[in-house]
Structures are given as C-alpha cells and as structure tokens.
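Participant: my questions concern the predicted model and sequence given below.
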Amino acid sequence: MKDNKTLKTLRLATQLLKNWTQSQNFDLELNRLRREGQNEFELKRASQLCLCVFRNKESLEKIIKKLSPKRPRGRVMHLLLPSMAAMLYMDKITPQGFADSAVETAKKILSKHEANFLNSFFHKLITQKETLLQDAKNDLNLGDELEKHWKKSFSPIQVKAFAQVLSQEAELNCRLINYESTEFLSPLDDLPWNAPFTFYKINDAANFISKTAQENFYIQDPATSLCITLLNPQKNENIADLCSAPGGKTLMISQLLEGSGQVFASDISEKRLEKLRENLAQQTNVTVQCLDARNSEFEQKFDAILLDVPCSNTGVMRRKPDARWSFTTKKLNELVALQSDILAQSAKMLKPGGRICYSTCSIEDEENINQVKSFIEQHPQFEIIESKQLYPCAQHDGAFAATLENKL
C-alpha cells in the first residue's frame, strides 16, 4: 500500500537538495518553494529530512561508498540521501516501509533501472543497519574545509565536542512578550551571561504554539540576547540596528527602551524587512528603512549602534546544518572584508562617547575578536569595553559580541 505522505515528502526533499546543490543556501530554497505555494506541513516534513541529511552527510556518503560499487548519479543521490537519513536516523520511520516509498518515488521521477538499484541498495542498508551506524559513530560530519579550519583553530577535543553538539537537533526556545503563563515551558537558568530577558525551552511545541497567541511569544535562542546585554540600551537613547532583519534583536532593544527613545532598523533586503515589520508591528518607537549598512547614512548621530553582521554561521549550525557543507576559506575572507566595511561605516554615525556593539553568530576569531582588534587599530578613538565569545552547547547557540566605545 502506497504511503502518499512519504511520497510527497521525498519528492519535496529531493527537489530541495537538488536546488541546494546549486545555491548552497537551504533557507533560500525552502522560502522559494514556500512562495510557489507548496503545502506548509509537507514542506516542514521535507525540511526535517534534509536537515537530517546535512547533520549526517559525511556518514551517509561513506555508507554509499561501502554499499555501492560506484557513486550514483546526482539525481539518484538527491533521492538516496534523504531516504537513507530517514531509515538510519529517524526513529519513528519504519525502514522497509520507507524503502518501498523511495523505490516508488524513483519509478515516478527517475527510471526503472535506478529504482531497481535503490531496491537492492536499501535491502543491504536494512540488513547491515546496526553495523553501519556503529562504524559511523566517530564521523565528525563537519565538511572537509570546516574540519580543516577548526583543526587549525581549536584542539582535537574541542573539535570533537563541537561536532557532537552540532550532530543534535537544536531545542526550540522562546521568550514571552507581555505574557505570564509558562505551561509547556521550562526556564533556561544559569546562562553564562546576564541576559536581560528570561528564555524558555518549549517542551511541547505543538500544544504551546496552538494554545498561545503568536503575539505573546517569540521563537529565539538565548544566545541572540548576548549582544543586547553588551549593547545595554538605556531609556531615551536613539539606537540604530543596521543589519536588523528578521527583527528579533530590534524587538528586544525596543522593549528595553520601554517606549522611550527611538530605534532605527535597517537591512539591505526589502524582502527580509517584510518579516521585520510584521514582528515589530506593536512597537511605537521603531522606524524601518531598507539600506545597505556599508554606505548607509542618517542625518542624526546615534547614542548606540548594533551591528549583528552577516557571518559564516558557524555558531548556529545546529539550526543551519547546511552551512558546514558550504563553508570555505574564500567565503570566510569575503565575509571578513564585508564586516570590516560595515564597522568602518558605522563609526561615522556615532555620537562622541557613543558605543557600537559588534555581533556575529560565528565562533571564528577572524570574524570576531580579530575583527574588532583590527577596527581599533584603524580607529584609535575607540576602545573595547567588553567582549564575550559563546560556543555552541546543548543549552544555546554560539555567538560573539563586543562593545566598542567612542572615546572622543
């Protein structure tokens, strides 16, 4: 008997992986299918399957090498990888039933010959499942370039620890907005920084989201508040958030100002600002503009500026596991140059005595402490007041923030 849900999920997952191969940006491809009108529930299932692939891609490809005399063609791989991920790593999946659905999908979108190959492959996979999983236990699943880069930057123990954390799906966390009920929630205590808000682990996402009005909570990892802690917004200040979409950090700034002062939120993407405007609809002290932070200018100077700059995302790879497979030193260097340009431009927009909070969701020194030290060398009127690096762990993502004060 055909499992139509699984067939639809596999076809969408296959399409997503095929498109990702070209763009190397999974969120982009997911949103593209969403705009095309694909069913949201089916997209979510396909997305979960693809994210499982990205968390285990090295192991999956090693298994393919063991079980197949030659590497399958690209279009077969796009179907094979999510099928294997489901059968090996998703506990609620019945392997044989999923194999049947995958072969049925191959008959529809590939060929009879390729369907026969998959049928034979899946038989071997199911038979040898436990041995294959045991052999894969020590795989880092980081991607060649990222693994090499981290081995230069961190100790073997640290690299292994990061890989272990990144192999797990991130918990769903949130903070509450003008709402006191904590049903289905557990507070995240003892964070290693003085977060200005309480964050919660969502224990039962389906019940919590269905029973809680959307305006009463914001899905957010605790690490996103590190830069807000170091920015330390004060009442009546005028603050710019120059890389603000989708608006989670802008919202925190606005709330800490308690209706006073003004927040100027900008981003280079008008499309991304649509979500920001939606998230900030209830805030009366926020002005939104579409601007490029490398050359944005305002008539006024600001008391404080938040720069949550584009980065390599190496601190949030639990949530963006595809980023480990698109990481390259070349891209890292390009990002460092972009961040430097944004920092230099922001210095022109600050009042004497004002402060910049520079922030990333990266754990790379090149993007973080080395970046701000380089800025200080070129702008001696600034000094580093405070900086903190967070590494990803079970409780929160990785992040970096530094407060730079204009001494003039």
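Facilitator: Yep, that arrived. This one's a predicted model, so the numbers in the text were calculated from it and none came from an experiment. Numbering: from 1, shown residues only.

Participant: mind listing residues that contact stretch 49-64?
Facilitator: Here stretch 49-64 makes contact (Cβ atoms under 8 Å, 6 or more residues apart in numbering) with 9-10, 13, 16-17, 20, 26, 71-72, 77, 80-82, 84-86, 88-90, 125, 132, 135-136, 139-143, 166-167, 169, 321-322, 324-325. The way it works is simple: take the backbone N, C-alpha and C, and place the C-beta from them, glycine included.

Participant: whichever of those residues end up buried, select them in ChimeraX.
Facilitator: Applying 16 or more other Cβ atoms under 10 Å to those, the buried members can be selected in ChimeraX as follows:
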select :9,10,13,16,17,20,26,72,77,80,81,82,84,85,86,88,89,125,132,136,139,140,141,142,143,166,167,321,322,324,325
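
Participant: what's the pLDDT at residue 395?
Facilitator: As summarised for this prediction, residue 395 has a pLDDT of 95.

Participant: excluding chain neighbours, give the residue nearest to it in space.
Facilitator: Residue nearest to residue 395 in three dimensions, not counting chain neighbours: residue 188, with 6.3 Å by Cβ to Cβ, 6 or more residues apart in numbering.

Participant: and the gap between that neighbour and residue 172?
Facilitator: Counting by Cβ to Cβ, to the nearest Å, the gap between residue 188 and residue 172 amounts to 12 Å.

Participant: neighbour count: these two, which is higher?
Facilitator: It is residue 188, of residue 188 and residue 172, that has more neighbours when counted by other Cβ atoms under 10 Å, with 18 against 15.

Participant: for that one, give me its contacts.
Facilitator: Residues near residue 188 by Cβ under 8 Å, 6+ apart: 173, 198, 199, 200, 201, 222, 395, 396.

Participant: one more time with 10 Å
Facilitator: Contacts for residue 188 (Cβ atoms under 10 Å, 6 or more residues apart in numbering) come out as 171, 173, 175, 195, 198, 199, 200, 201, 221, 222, 395, 396.

Participant: please apply the same query to residue 260.
Facilitator: The contact partners of residue 260, by Cβ under 10 Å, 6+ apart, come to 233, 234, 235, 236, 237, 254, 285.

Participant: same question, residue 44
Facilitator: By Cβ under 10 Å, 6+ apart, residue 44 lies in contact with 9, 12, 30.

Participant: list the buried residues for the helix or strand hosting the last one?
Facilitator: Using DSSP states H and E, residue 30 sits in helix 26-35. Residues of helix 26-35 classed as buried under the neighbour-count rule (16+ other Cβ under 10 Å) are 26, 29, 30, 33.

Participant: wait, residue 387 touches residue 375, no?
Facilitator: No - applying Cβ atoms under 10 Å as the test, residue 387 and residue 375 come out as separate, 11.8 Å apart.

Participant: which neighbours do those two share?
Facilitator: Shared contacts of residue 387 and residue 375 (Cβ under 10 Å, 6+ apart): 358, 402, 404.

Participant: just give me the neighbour total for the nearest residue to residue 166 once chain neighbours are set aside.
Facilitator: Once flanking residues are discounted, residue 166 sits nearest to residue 317: 4.9 Å by Cβ to Cβ, 6+ apart. Neighbours of residue 317 under the rule other Cβ under 10 Å: 30.
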